[in-house]
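Chemist: Dropping a prediction and its sequence here:
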There are 2 protein chains.
Amino acid sequence: MKPVVVLDKIMETAERLFYEQGYNLTGINQIIEEANISKPSLYNHFKSKNDLLLAYLDQSYSKWFEDLATFTADMTTPFDRLIGVFDYRISRQIRTNYNGCAFVKISSEVSHKDIEVFERTQKFKNAIKAYVVDLVKQLNRPKHKLLTDEEFAENVFLLLEGGLIMAKIIKSTQPLEDAKDIVRKLV
Amino acid sequence: MKPVVVLDKIMETAERLFYEQGYNLTGINQIIEEANISKPSLYNHFKSKNDLLLAYLDQSYSKWFEDLATFTADMTTPFDRLIGVFDYRISRQIRTNYNGCAFVKISSEVSHKDIEVFERTQKFKNAIKAYVVDLVKQLNRPKHKLLTDEEFAENVFLLLEGGLIMAKIIKSTQPLEDAKDIVRKLV
DNA sequence: GTCTATAGAAGGATAGAC
DNA sequence: GTCTATCCTTCTATAGAC
């Protein structure tokens, strides 16, 4: 069981440091020190620092949707679940002291030619958008609205992304709260 | 005149490399090499790499609004100028191969405790939002609309930010084009 | 104010013992 | 599979000559 524990310690520490400090500002030396393991132990599980980064992103993807499911478990109507995504992000930003989206952060840290990172970021954002599109369909909005379902869903999604970025920048939930109010009025 | 030329070479090279490669992935050595100057020359103008970063951000702020003014010089109505901001961002993203916002990039690269960087990012985003708010006021929108002027302006601004982030991630102008269509329908 | 040369620290990654 | 010890590169920054 010890190898599993070592791997868990690596992943826990890498997740925390990569997200809080950033990928490039986190050295291998700090990871092994805070995880209380040796350097060759890390390279036994991951062939490079970049390999560890990809594992971190894959884990972040899974945990994000798992935590969303837990957060919105009590919400029954499509509308409540749509607003729930905003509240989910608000709760996360408060907890992480407005550190923003892990995938956006990494995408700003690596070369734009790093295809593996961008594919994972695209997959993550596409999944969030698909989640929003699906909820909007279930809303059964009247046909006479200014925006079609597709346009409304796109607006909601971009409010989620723009609101998150601005929450990080001004260190406040206000942009996400404003976004939520706009969604309530436009639905 | 030679000192000025040296300073210009530093700023040009730093701007290009910081934006294209990222701040942390750009070393002092690469900057002086591509600027064709020596290391002490750089440290004569800037006391540290972080000092150069702040000068880069201040220059980016000025140039962004100067270029916006040029880009929208022919646009007369408030509505055209509002849509013009989207087209301005679209043109910039095409030109930079979808590298996103320079301030958002840097904010993801430095510690969240780097107050000087975050203050400049806040100032930049606040100025864009103020620009949008001002244009929306000039629109003279009917009072019976779903969204107040304040809410509509916030929606437009968050569409600009969300659209830009997504344009960078999926390497396409589509999110910004979609955002523009939504603005046209909601105005 | 610009240069050559170098200091001193930290980066990622590996050899070889156990 | 984990460890100690070490390799080589790159990093930011500076000393001292001109």
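Modeler: Thanks, I have the structure now.
Chemist: And the helix or strand containing residue A:14, how far out from the chain middle?
Modeler: Assigned by DSSP states H and E, residue A:14 belongs to helix A:2-20. How far helix A:2-20 lies from its chain's middle: 18 Å, per CA atoms, centre = their mean, to the nearest Å.
Chemist: Please identify the buried residues of that helix?
Modeler: For helix A:2-20, the neighbour count (16 or more other CB atoms under 10 Å in any protein chain shown) marks A:6, A:7, A:9, A:10, A:11, A:13, A:14, A:15, A:17, A:18, A:19 as buried. (Glycine included, C-beta is placed from N, CA and C.)
Chemist: Hmm, the third one is touching residue A:38, no?
Modeler: So the one you mean is residue A:9. No. Using CB atoms under 8 Å, residue A:9 is not in contact with residue A:38; the gap is 11.6 Å.
Chemist: Spit out the contact partners of residue A:127.
Modeler: Applying CB atoms under 8 Å, 6 or more residues apart in numbering or on different chains, one finds that residue A:127 lies in contact with A:61, A:65.
Chemist: And the pLDDT at it?
Modeler: According to the predicted model, the pLDDT of residue A:127 comes to 98.
Chemist: what's the answer for residue A:65, then?
Modeler: So residue A:65 comes in at 98 (pLDDT).
Chemist: picking that back up, quick one: list the elements packing against the helix or strand just after the helix holding residue A:14.
Modeler: Going down the chain from helix A:2-20, the next helix or strand is helix A:28-35, by DSSP H and E. Applying 3 or more CB pairs under 8 Å, 6 or more residues apart in numbering or on different chains; DSSP states H and E, one finds that helix A:28-35 contacts helix A:2-20, helix A:39-45.
Chemist: Mind doing that once more with 6 Å?
Modeler: If you count contacts as 3 or more CB pairs under 6 Å, 6 or more residues apart in numbering or on different chains; DSSP states H and E, helix A:28-35 packs onto helix A:2-20.
Chemist: With just CA atoms, put the helix it packs on into CSV.
Modeler: Output of helix A:2-20 as CSV, limited to C-alpha atoms (Å, rounded to 0.1, in the frame of the first residue of the first chain):
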residue,chain,number,x,y,z
LYS,A,2,2.9,2.3,0.5
PRO,A,3,3.4,3.1,-3.3
VAL,A,4,-0.2,4.3,-3.4
VAL,A,5,0.4,6.6,-0.4
VAL,A,6,3.4,8.1,-2.1
LEU,A,7,1.5,8.7,-5.3
ASP,A,8,-1.3,10.3,-3.3
LYS,A,9,1.1,12.6,-1.5
ILE,A,10,2.6,13.7,-4.8
MET,A,11,-0.8,14.4,-6.3
GLU,A,12,-2.0,16.3,-3.2
THR,A,13,1.1,18.4,-3.0
ALA,A,14,1.3,19.1,-6.7
GLU,A,15,-2.4,20.1,-6.9
ARG,A,16,-2.0,22.5,-4.0
LEU,A,17,1.2,24.1,-5.2
PHE,A,18,0.4,24.2,-8.9
TYR,A,19,-2.9,25.9,-8.2
GLU,A,20,-1.8,28.3,-5.4
